[in-house]
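Curious how this folds, go ahead:
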Amino acid sequence: MKRTLFFAALLILTLSLQAETILVKNITEYSGAAKKVKAGDSIILANGAWTDAKLVLNATGTKEQPVVLCAQTKGKVTLEGESFLAIGGDYIIVSGLVFRNGHTPRQYVISFMTSGTSLANNCRVTNCVIDSYNQGQRDKSDNWVGMAGRNNRFDHNMLLNKLNEGTTLIVRLEEELSRENNHLIDHNYFGPRKRLGSNGGETIRVGTSTYSMSRSLTRVENNYFDRCNGEVEVISNKSCGNSYRNNVFFECEGSMVLRHGNDCLVEGNVFLGNNKDFTGGVRVIGENHTIVNNYFYQVRGESFRAPLSLMNGVPNSPLNRYFQVKNALVAYNTWVDCAPLEFGAGTSPERSLAPSSTRFLNNVIWKSDNTPSILALDKTDGISFAGNLFSTNLGITAEKGFRQIRVDLMPLSQTVKYPAIDKEKAVPVESISFDIAKQSRKKGDRPGALLTVEKKGLGFVTADSVKLAWYPPLEFTCTGSSRAVKPGLNTLQQAVNDARPCDTLLLEAGDYQFSEPVIIRQPVTIACPKANESMPVFHSIGPEVVEYFILENGGNVIFSNLHFSGSGLNGKVRYAVRTSTTGMLQAYFLKFEKCRFTDFTRDEKTSVFKAFKNTYADSLIFRNCIIEGVKGTAIDLSAETEDQGKYNAEYIIIEDSKITGVEQNALNLYRGGNDESTLGPFLRISNSEFSNIGSSGKNEILALTGVQWVNIVNTMFADSPNINTTFRLKGQNNQIKNCEIRNAGTPVLTEGAKRY
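Numbers count the residues shown, from 1 in each chain. Here you go, the predicted structure:
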């Protein structure tokens with residue numbers, strides 16, 4: 001025996017002596033090293049910026065002697081331009097790399113495969129960063145991480161600020177050798193992701209609908225999801241046998257969604273909504289899922305974003321629709337001050353199958369008000385209830401299975417509180433002994449499910465515990481100052497070109513002449529500081545000036561106390577402001593305050609503001625403005641016509657304004673299709689007046705298609721005799737209040753829209 005151990009140790013020593021550490025300083029040296037690397041070798045990327053670095057590594061290591069690819073110093077190697085990493089083979093470890101200041105030229109930034117036949121197995125990517133590594137346009141899709149092969153780990157990484165379409169991290173099941181993969185995704189920081197305004201903004205997706213009945217056996221554990229707001233699904237499960245344990249969802253406008261597939265476990269996760277609108281919990285579709293020991297704090301979402309959403313299914317559902325909830329176990333979960341849980345969510349003539357054979361056991365629902373704890377949107381006879389506690393208004397009729405108790409809150413941390421049961425004295429819920437049968441399973445049945453379900457204490461990762469201390473995230477700093485601008489030819493254009501981010505350009509009264517449009521690529525305020533004097537007036541001096549201002553990537557503008565004249569000295573302007581015609585990556589902010597727009601009569605395409613395809617405003621605001629004399633549509637947000645759920649602006653606000661003399665629509669806001677993954681658009685109109693609209697025969701003052709939230713208050717619609725329909729409101733989120741309509745058509749309110 002001693003002789004065998006001696007020779008084994010000698011063999012390991014010999015192999016280690018043969019291992020090489022190779023420092024490479026450019027992509028040529030890297031490519032040479034990658035061709036000859038062997039088990040135990042380490043390739044070290046020299047510190048510095050690597051531009052357009054195509055890091056492809058096919059290698060075979062062993063468990064004892066992996067192949068290592070790492071930075072010379074963590075955080076000091078940045079992959080920029082059109083760089084990417086693809087690994088294939090066995091036992092490779094990658095660490096310490098940072099991707100920023102560019103975008104991948106491929107489908108993935110980091111890929112666990114180098115080709116369809118060269119997959120990674122038993123490999124690990126750790127301590128890496130992808131930050132703002134986006135395509136130039138928001139509609140150009142890519143994915144940051146693609147996990148293929150088997151037994152791979154992605155851990156202790158930071159992925160933040162993805163702006164373009166595509167999932168942040170995907171687990172692939174397309175290849176047969178990528179199924180039953182046993183991947184581990186753990187201790188990562190998934191940083192902020194802004195609303196995308198279309199489908200395709202998930203943070204993690206495990207599988208696809210096509211392969212959703214395949215077993216993935218992926219584990220997602222101890223990750224921190226920080227304001228991941230890309231769309232309704234933060235995590236989209238689309239395969240079988242996966243587990244999601246001990247993750248934290250911090251103020252995420254979306255849910256942990258069991259979208260397709262069966263036999264998944266959601267355990268020990270924490271959902272911190274902190275009373276933020278649209279924050280979500282867990283949505284359940286399919287069979288044999290287990291949702292236990294999760295904690296939900298002030299989660300405010302509804303419907304698909306409800307704190308718990310048990311959805312209705314589609315009879316004989318195809319793979320890409322909704323399977324009926326069957327044999328789900330929901331136990332030992334706690335909801336504190338949340339919006340109502342929803343049973344039968346999404347019910348419709350198509351989604352007609354309520355949950356069945358489902359158990360709701362030993363859960364606690366605590367609320368500080370008397371709003372319903374549960375909403376039953378369809379029958380609940382397929383759900384059995386036992387051992388549940390609630391504090392105020394249950395919201396459903398249940399003869400057994402619920403017990404009302406007086407509940408106080410006890411602090412669990414500085415920001416999170418937990419219910420305590422007042423039973424002679426306050427007792428933490430987790431110490432109460434519940435009577436529940438053991439959930440025994442046959443061997444091979446319901447992969448990953450618990451053998452015994454019991455209440456556990458609450459413990460969770462924090463953002464600081466998973467962020468990489470050595471990496472400072474990219475930050476945008478605004479140190480603007482005020483600059484005076486005098487009237488004249490192209491003086492404003494020169495001032496914008498010379499401006500720094502967040503500068504304020506202060507215009508004197510007088511004529512500002514444009515021989516070409518002004519391109520804006522950074523935040524700037526353009527204003528006249530003396531509102532009581534004559535406004536600065538914008539004029540073109542030739543027919544080649546089609547618009548005054550063009551917003552490009554990075555452009556955010558506040559216009560204040562200005563006069564945009566559409567009638568130039570030698571030609572007519574089509575747009576006061578428009579977006580790029582080639583698309584934009586970043587969402588922009590545009591505000592007009594105390595501005596006047598007159599005589600935009602160049603042709604029927606004329607608008608005060610025009611958004612083009614693949615551009616997206618976070619907010620578009622007209623406050624205290626006058627728009628008079630427009631041959632086309634005054635505010636045109638109708639470019640996304642493919643009916644895929646996309647739209648041009650999230651929040652549109654018109655306040656204290658007057659729009660008159662518009663030949664087509666005062667506003668055209670379009671969101672087509674039936675996609676249910678996004679929130680907007682949101683339209684608010686208040687204390688405004690619309691008159692003399694639609695003289696060209698257009699049918700509506702406000703052309704609203706698919707707008708999900710409309711609130712029109714204290715507004716007049718008048719003197720538009722050619723209009724048949726003032727506007728159409730569809731859905732319960734759309735409301736009209738205290739409005740006067742006189743000789744301006746009739747509003748059409750359908751499917752729950754309210755007039756009050």
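
dump the residue contacts of Ser677.
Counting by Cβ atoms under 8 Å, 6 or more residues apart in numbering, Ser677 touches Ser198, Asn199, Gly201, Glu231, Val232, Glu233, Gly645. Glycine gets a C-beta too; all of them are placed from N, C-alpha and C.

Find the residue at the geometric middle of this protein.
Nearest to the mean C-alpha position of the chain, by Cα atoms, centre = their mean, lies Gly230 at 0.8 Å.

Tell me how far Leu341 lies from Asn181.
33 Å (Cβ to Cβ, to the nearest Å).

ok, back up a step: return the subset of the contacts of Ser677 lying in strands.
Among those, the ones falling in strands (DSSP state E) are Glu233.

In JSON lines, list the contacts of Ser677 along with distance to Arg596.
Shown next, in JSON lines, are those (distance: Cβ to Cβ, whole Å):
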{"residue": "Ser198", "distance to Arg596": "34"}
{"residue": "Asn199", "distance to Arg596": "39"}
{"residue": "Gly201", "distance to Arg596": "38"}
{"residue": "Glu231", "distance to Arg596": "38"}
{"residue": "Val232", "distance to Arg596": "40"}
{"residue": "Glu233", "distance to Arg596": "44"}
{"residue": "Gly645", "distance to Arg596": "35"}
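
Neighbour-wise, which one of the contacts of Ser677 leads?
Within those, neighbour counts (other Cβ atoms under 10 Å) peak at Gly201, which reaches 28 neighbours.

now that residue: how far from Val234?
For Gly201 relative to Val234 (Cβ to Cβ), the value is 9 Å.

swap in Pro543?
Counting by Cβ to Cβ - Pro543 and Val234 are separated by 50 Å.

same question, Thr78
Applying Cβ to Cβ to Thr78 and Val234 gives a distance of 28 Å.

When the two are compared, which one has more neighbours?
The residue with more neighbours, out of Thr78 and Val234, is Val234; 27 against 21, by other Cβ under 10 Å.

Apart from its chain neighbours, what residue comes closest to the more buried one?
Excluding the flanking residues, the one nearest Val234 by Cβ to Cβ, 6 or more residues apart in numbering is Gly254, at 4.2 Å.

tally of neighbours for that neighbour?
Gly254 - counted by other Cβ under 10 Å - has 31 other residues nearby.

ok, it to Gly280 distance?
Counting by Cβ to Cβ, the gap from Gly254 to Gly280 is 5 Å.

One more: Val518?
41 Å.

now this structure, which segments are flagged as low pLDDT?
1-17, 399, 407-459, 476, 531-533, 568-571, 752-756 (pLDDT under 70).

ok, 50 please
The chain contains residues with pLDDT under 50 at 7, 10-11, 13-15, 421-457.

Could I get the full set of helices for it?
2-18, 27-36, 463-466, 491-498 (DSSP state H).

who touches the second one?
Right, the one you point to is helix 27-36. With contacts defined as Cβ under 8 Å, 6+ apart, helix 27-36 is touched by 22, 24, 43, 45, 50, 52-59.

same deal with stretch 285-292?
257-268, 282, 284, 308, 311, 313, 322-333, 439, 446, 449-450, 453.

That one: end-to-end distance?
One end of stretch 285-292 to the other measures 16 Å (Cα to Cα, to the nearest Å).

ok, Ile693 - how many residues close by?
By the criterion of other Cβ under 10 Å, Ile693 has 31 neighbours.

so it makes contact with Ile723?
Yes - Ile693 lies in contact with Ile723 (Cβ atoms under 8 Å); the separation is 6.3 Å.

Common neighbours of the two, please.
By Cβ under 8 Å, 6+ apart, the residues touching both Ile693 and Ile723 are Ile701, Ala744.

Just the contacts of stretch 285-292: which are in strands?
Reading strands off the contacts of stretch 285-292 with DSSP E, I get 257-260, 265-267, 282, 284, 308, 311, 329-331.

contacting residues around the residue lying closest to Phe385 once chain neighbours are set aside?
With sequence-adjacent residues excluded and distances taken as Cβ to Cβ, 6+ apart, Phe385 is closest to Gly401, at 2.6 Å. With contact set as Cβ under 8 Å, 6+ apart, Gly401 has these partners: Phe360, Ser384, Phe385, Ala386, Gly387, Asn388.

what does Ala617 give?
By Cβ under 8 Å, 6+ apart, the contact set of Ala617 is Ala587, Tyr588, Phe589, Leu590, Ala611, Asn648, Ala649, Glu650, Tyr651, Ile652.

Which stretches in the stretch 301-450 of the chain count as strands?
Taking DSSP state E, counting those that start in this stretch as the criterion, the stretch 301-450 of the chain contains strands spanning 308-311, 329-331, 334-336, 341-345, 358-361, 364-366, 374-376, 383-386, 388-390, 402-404, 407-411, 417-423, 425-428.

Also the stretch 451-600 of the chain?
Using DSSP E, counting those that start in this stretch, strands in the stretch 451-600 of the chain cover 482-485, 488-489, 503-507, 510-514, 518-520, 523-527, 536-540, 547-551, 556-560, 563-565, 575-579, 588-593, 596-600.

what's the closest of those strands to Phe717?
strand 596-600 (19.2 Å; Cβ to Cβ).

counting contacts, what elements does the closest one pack onto?
strand 563-565, strand 575-579, strand 607-610, strand 626-630 (3 or more Cβ pairs under 8 Å, 6 or more residues apart in numbering; DSSP states H and E).

Just to check, Cys70 is in contact with Ser42?
Yes - if you go by Cβ under 8 Å, Cys70 and Ser42 touch, sitting 6.8 Å apart.

need the contact list for the residue lying closest to Leu97 once chain neighbours are set aside.
Among residues not flanking Leu97 along the chain, Cys128 sits closest, at 4.8 Å (Cβ to Cβ, 6+ apart). Residues counted as contacts of Cys128 (Cβ under 8 Å, 6+ apart) are Val94, Ser95, Gly96, Leu97, Val98, Phe99, Ile110, Asn157, Met158.

coming back round to it: shared neighbours, Gly254 and Gly280?
Common contact partners of Gly254 and Gly280 (Cβ under 8 Å, 6+ apart): Val232, Val234, Arg305.

which residues does the first one contact?
If a contact means Cβ under 8 Å, 6+ apart, then Val232 has Glu253, Gly254, Ser255, Val257, Gly280, Phe304, Arg305, Glu676, Ser677, Thr678, Leu679 as its contacts.

Just the buried subset of those, written out for PyMOL, thanks.
To isolate the buried ones among these in PyMOL, judged by 16 or more other Cβ atoms under 10 Å, type:
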select buried, resi 253+254+255+257+280+304+305+677+678+679
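
Pick out the most distant pair among the contacts of Val232.
Longest span within those, Cβ to Cβ: Val257 and Leu679, 15.2 Å.

Do I have it right that Gly694 meets Asn668?
No - using Cβ under 8 Å, Gly694 is not in contact with Asn668, being 11.7 Å away.

How many residues are close by Gln72?
As a burial measure, Gln72 scores 15 neighbours (other Cβ under 10 Å).

now swap in Ile291 and tell me
26.

Against Lys326, how distant is it?
The gap separating Ile291 from Lys326 is 14 Å, by Cβ to Cβ.

Gly706 now?
33 Å.

mind listing what Gln708 touches?
Arg671, Thr678, Leu679, Gly680, Pro681, Phe682, Gly731, Asn733, Asn734.
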